[in-house]
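S.K.: below are the sequence and a predicted model; questions follow.
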Amino acid sequence: MRAVLAEAWRSALEQPLRSLLIVLSIAAGAAAAHVLLALSAVVPLVARDVLYRFGSDMRLMWPETSSRPDGSPGKKPVRLRYVDVPALHAAAPSVGALSAGCFPELGAATLSGERAWPYSVLYGVDMSMNDVLGLRTLSGRWFTDEEAAAGEKLVSVNEPLARALFDDRSPLGETLQYGRLRLRIIGVHDSPRLFRFHLLAPYSVVRPTARNGGENVGFVAYRPADATRAQASADELRSAAARLCRFDPSDTAALRFTSDDVFAAGVQRLSRGLELMTLSITLVVLALGSVGAANVVALSIGERAATLGLKKALGATPSRLLAEICAEICALGLTGSLCGWLAGVLLLQWGGALQLLSEAVYTPYAPPALQLLVLSAPALGAVLAALPMARRTAQLAPAAALSPARGG
């Protein structure tokens, strides 16, 4: 075995340019594969979190337009009054928390001093919206019942919008201009359950800018008492709203229910698809690197046919020659894989962490099992790809291998 390995290394060093090409071919594939494998675990997480941040995972009920008796689309809008919201909640025992909200008919830019954010959404909410959203106050406070009843123009800003407008400065006490409203910031909160750049103000403040003067709610946000009662809570709310607003409870057009169920399933499918796509690209890169190295090896074997024929004439068996060729390819392949793995590690360290969201940092990292794949697959692939040519050359008769037409 030692003699086979020694002969393999001697043969590799005899032709340094050819050996360098093999090592570089495998190293390039291994480096690219290592980086792609590390990213394959991170890119789907980034995409998933970005989509979740721009989506909504609340369950919402939207008043729409009731149908005619014959089932055709009607023109009578369903008007759920804000004062009827407590009665709606009382009639739905499967609902754990419920809150009504309104918003201006159009989103607008948010201005503060010389800074502006091009588009944000201002929600007018009541106090119970805090429970439905599960708000986490980062600084400042939430408005009180007394402030909401008095219509004080206060607002709580979500953290991404606060950072966009004020960088690292505290926004507490600053004023914002949203359309015709001038609002004073009393808090900064974190809530991934609403549009990423949003503001929350008392219902009484936003009400004058909403459709129909805010007398009728724009939406109802609710949270089932537990996950198993999601459908029951929707059915109870539909029945209660039908009694309050005088429409047929079987009219599915009167109310529109939305939740994150379909959205979350779509995000998960996209995340898995991105992961599979990245892994597929990685396998293609590994295969191309191995095939490229195998082509160089095959050309080298053809050029060395005369040397191999001479060894066979001196008594070397075909299995010994095949073992030497495979050992040489393995040695060069492992060297290239190790160089490529080190290059991949350095590239990842140079690139640093991915930070597409201000509050989330993602560090690309390939698990040990995948790193082992990067180290072994290129060398193994090169051996398998070059094996047929090596076997044919090792089986050649010495006279045929030493002929001028083959040996050059």
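M.R.: Structure's in. What do you need?
S.K.: average pLDDT for stretch 287-299?
M.R.: Mean per-residue pLDDT for stretch 287-299: 69.
S.K.: what does stretch 251-266 give?
M.R.: 75.
S.K.: swap in stretch 205-212?
M.R.: Stretch 205-212 comes out at a mean pLDDT of 84.
S.K.: contacts for that stretch, please.
M.R.: 79, 102-105, 122-124, 151-155, 179-181, 183, 213-215, 218 (CB atoms under 8 Å, 6 or more residues apart in numbering). C-beta: built from backbone N, CA, C; applies to glycine.
S.K.: over to stretch 85-103?
M.R.: 80, 82, 121-126, 128-129, 131-132, 203, 206-207, 210-211, 214, 217-226, 229, 232-233, 236-237, 239-241, 243-244.
S.K.: select only the buried ones of the contacts of stretch 205-212 in PyMOL?
M.R.: Of the contacts of stretch 205-212, the buried ones go into a single PyMOL selection, burial set by 16 or more other CB atoms under 10 Å:
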select buried, resi 102+103+104+122+123+124+152+153+154+155+181+183+214+218
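S.K.: show me the contacts of stretch 205-212 that map onto helices.
M.R.: Assigned to helices by DSSP state H, none of the contacts of stretch 205-212 qualify.
S.K.: in strands, which of the contacts of stretch 205-212 appear?
M.R.: 102, 122-124, 154-155, 181, 183 (DSSP state E).
S.K.: what about the strands in the stretch 101-250 of the chain?
M.R.: Ranges of strands within the stretch 101-250 of the chain are 108-112, 115-125, 136-140, 154-158, 175-178, 181-190, 198-202, 219-224, based on DSSP state E, counting those that start in this stretch.
S.K.: now the ones you listed in a markdown table, with mean pLDDT and distance to Pro69?
M.R.: Shown next, in a markdown table, are the strands of the stretch 101-250 of the chain (pLDDT from 0 to 100; distance: least, CB to CB, whole Å):
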| stretch | mean pLDDT | distance to Pro69 |
| --- | --- | --- |
| strand 108-112 | 84 | 40 |
| strand 115-125 | 87 | 35 |
| strand 136-140 | 90 | 48 |
| strand 154-158 | 94 | 44 |
| strand 175-178 | 92 | 42 |
| strand 181-190 | 93 | 42 |
| strand 198-202 | 92 | 40 |
| strand 219-224 | 89 | 26 |
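S.K.: of the ones you listed, which is nearest Leu310?
M.R.: Leu310 sits nearest to strand 181-190 of all those, at 75.8 Å, using CB to CB.
S.K.: my guess is His189 contacts Pro160. True?
M.R.: No. Using CB atoms under 8 Å, His189 makes no contact with Pro160, being 10.9 Å away.
S.K.: of those two, who's got more company?
M.R.: Shown here are His189 and Pro160; by other CB atoms under 10 Å, His189 has more neighbours (22 against 19).
S.K.: care to break this protein down by domain?
M.R.: Segmentation of the chain into domains, based on automatic domain parsing, reads 2-52+265-407, 59-260.
S.K.: alpha carbons of stretch 158-176, as CSV, please.
M.R.: Output of stretch 158-176 as CSV, limited to C-alpha atoms (Å, rounded to 0.1, in the frame of the first residue of the first chain):
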residue,chain,number,x,y,z
ASN,A,158,-43.3,50.3,15.5
GLU,A,159,-39.6,49.8,15.8
PRO,A,160,-38.6,49.6,12.1
LEU,A,161,-40.4,52.9,11.3
ALA,A,162,-38.9,54.6,14.3
ARG,A,163,-35.4,53.6,13.2
ALA,A,164,-36.0,54.7,9.7
LEU,A,165,-37.1,58.2,10.9
PHE,A,166,-34.8,58.7,13.9
ASP,A,167,-31.9,56.3,13.4
ASP,A,168,-30.6,55.6,16.9
ARG,A,169,-32.2,58.6,18.6
SER,A,170,-35.1,58.2,20.9
PRO,A,171,-38.3,59.3,19.2
LEU,A,172,-40.2,59.8,22.4
GLY,A,173,-41.7,63.3,22.6
GLU,A,174,-41.1,63.9,18.9
THR,A,175,-44.0,64.8,16.6
LEU,A,176,-45.0,63.1,13.3
